[in-house]
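J.: Sequence and predicted structure, then a few things I'm wondering about:
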Amino acid sequence: MNILYHCTFSNQNDFLKLLKKKFKSHKILTLDDNIQFEKIEVALVWNLPDKILKKLKNLKIIFSLGAGVDHILNLSNYKKTPIIRIQDQNMRSRMLNHVLSQILNYQLKLNDYSKAQAKKIWLDERYTSLNKELTIGLLGLGYIGSFVANNLKVLGYNVIGYKNSVNKSNLSIPVYYKNSIKSFLKLSDIVVSILPATKQTKDFINKSFLKNMKKNCLLINIGRGSALSELDLLEHIKKNPNFFASLDVFKMEPLPKSHKFWKNQNIIITPHVAAITDVDSSINYIFNKFEQFKKKGKMKSDVIIKNGY
Ligand code: OXD
(Lines give C-alpha, C1' and ligand atoms only; values in the text may rest on other atoms or scores of the structure.)
Protein backbone atom coordinates (compact mmCIF):
# COMPACT_ATOMS: atom_id res chain seq x y z
CA MET A 1 0.00 0.00 0.00
CA ASN A 2 1.19 3.56 -0.67
CA ILE A 3 1.37 5.60 2.50
CA LEU A 4 2.16 9.29 2.70
CA TYR A 5 4.12 10.49 5.72
CA HIS A 6 4.34 14.21 6.42
CA CYS A 7 5.39 15.59 9.75
CA THR A 8 6.97 18.74 11.16
CA PHE A 9 8.37 17.27 14.41
CA SER A 10 12.04 17.98 15.09
CA ASN A 11 12.63 14.19 15.09
CA GLN A 12 10.70 13.66 11.85
CA ASN A 13 13.60 11.76 10.24
CA ASP A 14 14.05 9.30 13.10
CA PHE A 15 10.31 8.80 13.05
CA LEU A 16 10.45 8.07 9.32
CA LYS A 17 13.27 5.54 9.71
CA LEU A 18 11.34 3.56 12.30
CA LEU A 19 8.13 3.81 10.32
CA LYS A 20 9.83 2.35 7.25
CA LYS A 21 11.13 -0.53 9.37
CA LYS A 22 7.73 -1.27 10.89
CA PHE A 23 5.81 -0.93 7.61
CA LYS A 24 8.45 -2.80 5.62
CA SER A 25 6.01 -4.45 3.23
CA HIS A 26 4.49 -1.07 2.31
CA LYS A 27 5.75 2.06 0.60
CA ILE A 28 6.18 5.01 2.97
CA LEU A 29 6.53 8.14 0.85
CA THR A 30 7.30 11.74 1.76
CA LEU A 31 6.85 14.94 -0.21
CA ASP A 32 10.52 14.60 -1.24
CA ASP A 33 9.63 11.48 -3.23
CA ASN A 34 8.20 11.37 -6.68
CA ILE A 35 4.64 10.72 -5.61
CA GLN A 36 1.64 9.60 -7.60
CA PHE A 37 -0.83 11.31 -5.31
CA GLU A 38 -3.88 9.40 -6.56
CA LYS A 39 -2.28 6.14 -5.39
CA ILE A 40 -2.05 7.27 -1.75
CA GLU A 41 -4.67 5.54 0.40
CA VAL A 42 -3.28 6.21 3.85
CA ALA A 43 -1.71 9.40 5.22
CA LEU A 44 0.24 9.76 8.48
CA VAL A 45 0.40 13.48 9.13
CA TRP A 46 1.22 16.38 11.37
CA ASN A 47 0.68 19.75 9.67
CA LEU A 48 0.00 18.49 6.16
CA PRO A 49 -0.31 21.43 3.71
CA ASP A 50 -3.88 21.91 2.47
CA LYS A 51 -2.75 21.91 -1.18
CA ILE A 52 -1.33 18.40 -0.72
CA LEU A 53 -4.50 17.10 0.90
CA LYS A 54 -6.39 18.34 -2.16
CA LYS A 55 -4.33 16.03 -4.38
CA LEU A 56 -5.10 12.89 -2.32
CA LYS A 57 -8.21 11.89 -4.21
CA ASN A 58 -8.22 8.24 -3.04
CA LEU A 59 -7.37 8.75 0.57
CA LYS A 60 -9.20 6.24 2.81
CA ILE A 61 -7.79 7.07 6.20
CA ILE A 62 -5.74 9.77 7.91
CA PHE A 63 -3.65 9.18 11.02
CA SER A 64 -2.88 12.21 13.15
CA LEU A 65 0.63 11.90 14.53
CA GLY A 66 -0.42 13.69 17.71
CA ALA A 67 -3.34 13.73 20.10
CA GLY A 68 -5.00 16.73 18.45
CA VAL A 69 -6.75 16.71 15.09
CA ASP A 70 -7.39 20.43 14.53
CA HIS A 71 -4.39 20.49 12.15
CA ILE A 72 -6.49 18.26 9.86
CA LEU A 73 -10.01 19.57 10.48
CA ASN A 74 -8.89 23.15 9.82
CA LEU A 75 -7.79 22.34 6.26
CA SER A 76 -10.32 23.58 3.74
CA ASN A 77 -9.75 20.49 1.57
CA TYR A 78 -10.59 18.11 4.42
CA LYS A 79 -13.64 16.14 3.24
CA LYS A 80 -14.60 13.88 6.16
CA THR A 81 -12.04 11.12 5.54
CA PRO A 82 -11.97 9.02 8.75
CA ILE A 83 -9.28 10.14 11.19
CA ILE A 84 -7.45 8.04 13.73
CA ARG A 85 -5.49 9.94 16.37
CA ILE A 86 -2.82 8.63 18.68
CA GLN A 87 -4.10 7.48 22.03
CA ASP A 88 -0.97 6.37 23.73
CA GLN A 89 -0.31 5.59 27.38
CA ASN A 90 3.19 7.11 27.17
CA MET A 91 1.75 10.35 25.85
CA ARG A 92 -0.66 10.73 28.71
CA SER A 93 2.01 9.74 31.27
CA ARG A 94 4.16 12.57 29.90
CA MET A 95 1.20 14.96 30.09
CA LEU A 96 0.66 13.98 33.73
CA ASN A 97 4.36 14.62 34.50
CA HIS A 98 4.17 18.03 32.87
CA VAL A 99 1.04 19.02 34.80
CA LEU A 100 2.56 17.75 38.02
CA SER A 101 5.77 19.70 37.43
CA GLN A 102 3.80 22.92 37.01
CA ILE A 103 1.57 22.23 40.01
CA LEU A 104 4.59 21.52 42.22
CA ASN A 105 6.54 24.51 40.92
CA TYR A 106 3.61 26.71 41.96
CA GLN A 107 2.71 24.84 45.14
CA LEU A 108 6.30 24.82 46.47
CA LYS A 109 6.95 28.40 45.28
CA LEU A 110 10.10 27.26 43.50
CA ASN A 111 10.17 30.35 41.29
CA ASP A 112 10.75 32.54 44.36
CA TYR A 113 13.92 30.57 45.12
CA SER A 114 15.15 30.68 41.51
CA LYS A 115 14.71 34.44 41.42
CA ALA A 116 16.48 34.77 44.79
CA GLN A 117 19.33 32.53 43.62
CA ALA A 118 19.95 34.83 40.67
CA LYS A 119 20.51 37.63 43.22
CA LYS A 120 22.38 35.41 45.75
CA ILE A 121 19.64 35.92 48.33
CA TRP A 122 19.00 33.31 51.05
CA LEU A 123 15.20 33.63 51.29
CA ASP A 124 13.10 33.10 54.40
CA GLU A 125 11.09 29.92 54.21
CA ARG A 126 7.79 30.09 52.38
CA TYR A 127 4.60 28.45 53.60
CA THR A 128 3.52 25.77 51.14
CA SER A 129 0.14 24.04 50.83
CA LEU A 130 -0.22 20.31 51.27
CA ASN A 131 -1.78 18.34 48.41
CA LYS A 132 -4.99 17.83 50.36
CA GLU A 133 -5.30 21.61 50.78
CA LEU A 134 -5.43 22.23 47.03
CA THR A 135 -8.26 21.74 44.58
CA ILE A 136 -7.28 21.10 40.97
CA GLY A 137 -9.99 21.80 38.38
CA LEU A 138 -9.64 20.04 35.04
CA LEU A 139 -11.28 21.38 31.90
CA GLY A 140 -11.58 18.59 29.37
CA LEU A 141 -11.94 15.02 30.58
CA GLY A 142 -11.11 12.92 27.54
CA TYR A 143 -8.42 10.27 27.13
CA ILE A 144 -5.70 12.49 28.58
CA GLY A 145 -7.75 14.63 31.00
CA SER A 146 -9.37 11.67 32.74
CA PHE A 147 -5.97 10.02 33.26
CA VAL A 148 -4.48 13.22 34.69
CA ALA A 149 -7.52 13.65 36.97
CA ASN A 150 -7.40 10.11 38.35
CA ASN A 151 -3.67 10.26 39.02
CA LEU A 152 -3.77 13.66 40.72
CA LYS A 153 -6.47 12.26 42.98
CA VAL A 154 -4.23 9.34 43.93
CA LEU A 155 -1.60 11.89 45.00
CA GLY A 156 -4.03 13.36 47.51
CA TYR A 157 -5.19 16.51 45.66
CA ASN A 158 -8.85 17.39 45.59
CA VAL A 159 -9.73 17.01 41.93
CA ILE A 160 -12.84 18.25 40.15
CA GLY A 161 -13.68 18.33 36.47
CA TYR A 162 -15.72 20.37 34.05
CA LYS A 163 -17.38 19.02 30.92
CA ASN A 164 -19.61 20.68 28.39
CA SER A 165 -21.44 17.53 27.39
CA VAL A 166 -23.48 15.58 29.89
CA ASN A 167 -22.51 12.04 29.00
CA LYS A 168 -21.29 9.05 30.91
CA SER A 169 -17.86 9.22 32.47
CA ASN A 170 -16.10 6.60 34.51
CA LEU A 171 -14.41 9.18 36.67
CA SER A 172 -14.32 9.04 40.42
CA ILE A 173 -14.23 12.83 40.77
CA PRO A 174 -17.03 15.41 41.03
CA VAL A 175 -17.85 16.68 37.53
CA TYR A 176 -19.45 20.06 36.82
CA TYR A 177 -21.43 20.51 33.63
CA LYS A 178 -22.27 23.37 31.27
CA ASN A 179 -23.68 26.28 33.28
CA SER A 180 -22.01 25.27 36.53
CA ILE A 181 -18.68 26.73 35.40
CA LYS A 182 -18.79 29.43 38.10
CA SER A 183 -19.09 26.88 40.90
CA PHE A 184 -16.23 24.90 39.34
CA LEU A 185 -13.98 27.95 39.15
CA LYS A 186 -14.87 29.14 42.63
CA LEU A 187 -13.47 25.93 44.09
CA SER A 188 -10.33 25.55 41.96
CA ASP A 189 -6.91 26.69 43.22
CA ILE A 190 -5.37 25.48 40.00
CA VAL A 191 -7.21 25.18 36.68
CA VAL A 192 -5.78 22.87 34.03
CA SER A 193 -7.17 23.30 30.52
CA ILE A 194 -6.87 20.34 28.16
CA LEU A 195 -9.56 21.72 25.87
CA PRO A 196 -9.29 20.97 22.15
CA ALA A 197 -9.55 23.67 19.47
CA THR A 198 -13.18 23.86 18.40
CA LYS A 199 -15.68 26.63 17.65
CA GLN A 200 -17.14 26.15 21.14
CA THR A 201 -13.82 26.38 22.97
CA LYS A 202 -12.54 29.48 21.13
CA ASP A 203 -11.59 32.06 23.79
CA PHE A 204 -13.48 30.02 26.39
CA ILE A 205 -10.92 31.25 28.95
CA ASN A 206 -11.74 34.93 28.65
CA LYS A 207 -12.28 37.96 30.84
CA SER A 208 -15.38 36.68 32.60
CA PHE A 209 -13.91 33.18 33.06
CA LEU A 210 -10.76 34.67 34.62
CA LYS A 211 -12.82 36.97 36.83
CA ASN A 212 -14.60 33.97 38.28
CA MET A 213 -11.32 32.26 39.19
CA LYS A 214 -9.71 32.72 42.60
CA LYS A 215 -7.43 35.75 42.88
CA ASN A 216 -4.51 33.53 44.00
CA CYS A 217 -4.56 30.93 41.34
CA LEU A 218 -2.60 29.07 38.68
CA LEU A 219 -3.90 28.48 35.17
CA ILE A 220 -2.19 25.70 33.23
CA ASN A 221 -3.00 25.53 29.51
CA ILE A 222 -1.86 22.35 27.79
CA GLY A 223 -4.83 21.91 25.43
CA ARG A 224 -4.92 24.47 22.67
CA GLY A 225 -3.95 28.13 22.56
CA SER A 226 -7.20 29.05 20.83
CA ALA A 227 -9.11 28.35 24.08
CA LEU A 228 -7.42 31.28 25.85
CA SER A 229 -7.93 34.97 25.16
CA GLU A 230 -4.31 36.08 25.47
CA LEU A 231 -5.13 39.78 25.86
CA ASP A 232 -7.65 39.05 28.59
CA LEU A 233 -5.03 37.00 30.46
CA LEU A 234 -2.48 39.85 30.30
CA GLU A 235 -5.10 42.34 31.56
CA HIS A 236 -6.12 39.96 34.34
CA ILE A 237 -2.55 39.47 35.57
CA LYS A 238 -2.04 43.24 35.61
CA LYS A 239 -4.93 43.56 38.08
CA ASN A 240 -4.17 40.37 40.03
CA PRO A 241 -0.48 40.09 40.92
CA ASN A 242 -0.94 36.66 42.56
CA PHE A 243 -2.42 35.11 39.45
CA PHE A 244 -0.02 32.87 37.55
CA ALA A 245 -0.14 30.97 34.28
CA SER A 246 1.84 28.11 32.82
CA LEU A 247 1.28 27.96 29.08
CA ASP A 248 2.39 25.24 26.68
CA VAL A 249 0.14 26.16 23.76
CA PHE A 250 -0.49 29.49 22.05
CA LYS A 251 -2.65 31.11 19.41
CA MET A 252 0.42 31.40 17.24
CA GLU A 253 3.24 28.84 17.44
CA PRO A 254 6.15 29.39 17.65
CA LEU A 255 5.24 32.26 19.97
CA PRO A 256 6.38 35.45 18.18
CA LYS A 257 9.43 37.15 19.73
CA SER A 258 7.43 40.35 20.17
CA HIS A 259 4.71 38.65 22.26
CA LYS A 260 4.09 40.19 25.69
CA PHE A 261 3.98 36.77 27.37
CA TRP A 262 7.78 36.35 27.10
CA LYS A 263 8.57 39.06 29.60
CA ASN A 264 5.67 38.56 31.99
CA GLN A 265 7.01 37.44 35.37
CA ASN A 266 3.78 35.60 36.19
CA ILE A 267 3.83 33.43 33.07
CA ILE A 268 5.85 30.30 32.45
CA ILE A 269 6.22 29.37 28.80
CA THR A 270 7.00 25.92 27.41
CA PRO A 271 7.07 25.37 23.63
CA HIS A 272 4.21 22.86 23.08
CA VAL A 273 6.11 20.02 24.68
CA ALA A 274 3.76 18.85 27.44
CA ALA A 275 3.07 15.55 25.69
CA ILE A 276 5.42 14.87 22.84
CA THR A 277 4.58 11.95 20.58
CA ASP A 278 6.44 8.84 21.71
CA VAL A 279 8.10 7.42 18.61
CA ASP A 280 8.10 3.69 19.44
CA SER A 281 4.74 3.36 21.10
CA SER A 282 2.93 5.61 18.67
CA ILE A 283 4.30 3.73 15.66
CA ASN A 284 3.10 0.49 17.26
CA TYR A 285 -0.29 2.11 17.89
CA ILE A 286 -0.58 3.30 14.29
CA PHE A 287 0.58 -0.06 12.94
CA ASN A 288 -2.04 -1.99 14.91
CA LYS A 289 -4.79 0.35 13.73
CA PHE A 290 -3.44 0.13 10.17
CA GLU A 291 -3.60 -3.69 10.30
CA GLN A 292 -7.26 -3.49 11.39
CA PHE A 293 -7.94 -1.05 8.57
CA LYS A 294 -6.22 -3.37 6.05
CA LYS A 295 -8.30 -6.36 7.14
CA LYS A 296 -11.61 -4.56 6.72
CA GLY A 297 -10.63 -2.18 3.92
CA LYS A 298 -12.18 0.69 5.86
CA MET A 299 -12.23 2.12 9.35
CA LYS A 300 -14.51 4.33 11.43
CA SER A 301 -13.13 7.63 12.60
CA ASP A 302 -12.18 7.70 16.26
CA VAL A 303 -12.79 11.45 16.15
CA ILE A 304 -16.32 12.84 16.27
CA ILE A 305 -15.83 15.11 13.30
CA LYS A 306 -18.80 17.37 14.02
CA ASN A 307 -17.53 17.98 17.60
CA GLY A 308 -14.00 18.62 16.38
CA TYR A 309 -12.29 16.18 18.78
C1 OXD B 1 -1.01 17.71 20.29
C2 OXD B 1 0.13 16.83 20.48
O3 OXD B 1 -2.04 17.28 19.77
O4 OXD B 1 1.21 17.36 20.82
O5 OXD B 1 -0.91 18.88 20.65
O6 OXD B 1 -0.01 15.62 20.30
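T.: Everything's here; your move.

J.: which SS state does S281 fall under?
T.: Using DSSP: H, G, I helix; E, B strand; the rest coil, the structure places S281 in helix.

J.: okay, now it: neighbour count?
T.: Applying other C-beta atoms under 10 Å, we find 14 residues neighbouring S281. Where C-beta positions appear, they are placed from N, C-alpha and C, glycine not excepted.

J.: is it true that it touches D88?
T.: Yes - here S281 reaches D88: they are 5.1 Å apart, a contact under C-beta atoms under 8 Å.

J.: Next up, the contacts around the residue nearest to the spatial centre of the chain.
T.: Centre of the chain computed as the mean C-alpha position; nearest residue by C-alpha atoms, centre = their mean is G223, 3.6 Å away. Neighbouring residues of G223 by C-beta atoms under 8 Å, 6 or more residues apart in numbering: 139-140, 193-197, 201, 249.

J.: got the residues you listed as JSON lines, with distance to the ligand, neighbour count and secondary structure columns?
T.: Below are the contacts of G223 laid out as JSON lines (distance: C-beta to the nearest ligand atom, whole Å; neighbours: other C-beta atoms under 10 Å; DSSP: H, G, I helix; E, B strand; the rest coil):
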{"residue": "L139", "distance to the ligand": "15", "neighbour count": "28", "secondary structure": "strand"}
{"residue": "G140", "distance to the ligand": "12", "neighbour count": "24", "secondary structure": "coil"}
{"residue": "S193", "distance to the ligand": "13", "neighbour count": "24", "secondary structure": "strand"}
{"residue": "I194", "distance to the ligand": "10", "neighbour count": "27", "secondary structure": "coil"}
{"residue": "L195", "distance to the ligand": "12", "neighbour count": "26", "secondary structure": "coil"}
{"residue": "P196", "distance to the ligand": "8", "neighbour count": "21", "secondary structure": "coil"}
{"residue": "A197", "distance to the ligand": "9", "neighbour count": "22", "secondary structure": "coil"}
{"residue": "T201", "distance to the ligand": "14", "neighbour count": "21", "secondary structure": "coil"}
{"residue": "V249", "distance to the ligand": "7", "neighbour count": "24", "secondary structure": "coil"}
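
J.: got the contact list for I84?
T.: By C-beta under 8 Å, 6+ apart, the contact set of I84 is 61-64, 286, 289, 299, 301-303.

J.: Same question for K132.
T.: If a contact means C-beta under 8 Å, 6+ apart, then K132 has 156-158 as its contacts.

J.: Show me which of the residues you listed is closest to the ligand.
T.: Y157 (24.0 Å; C-beta to the nearest ligand atom).
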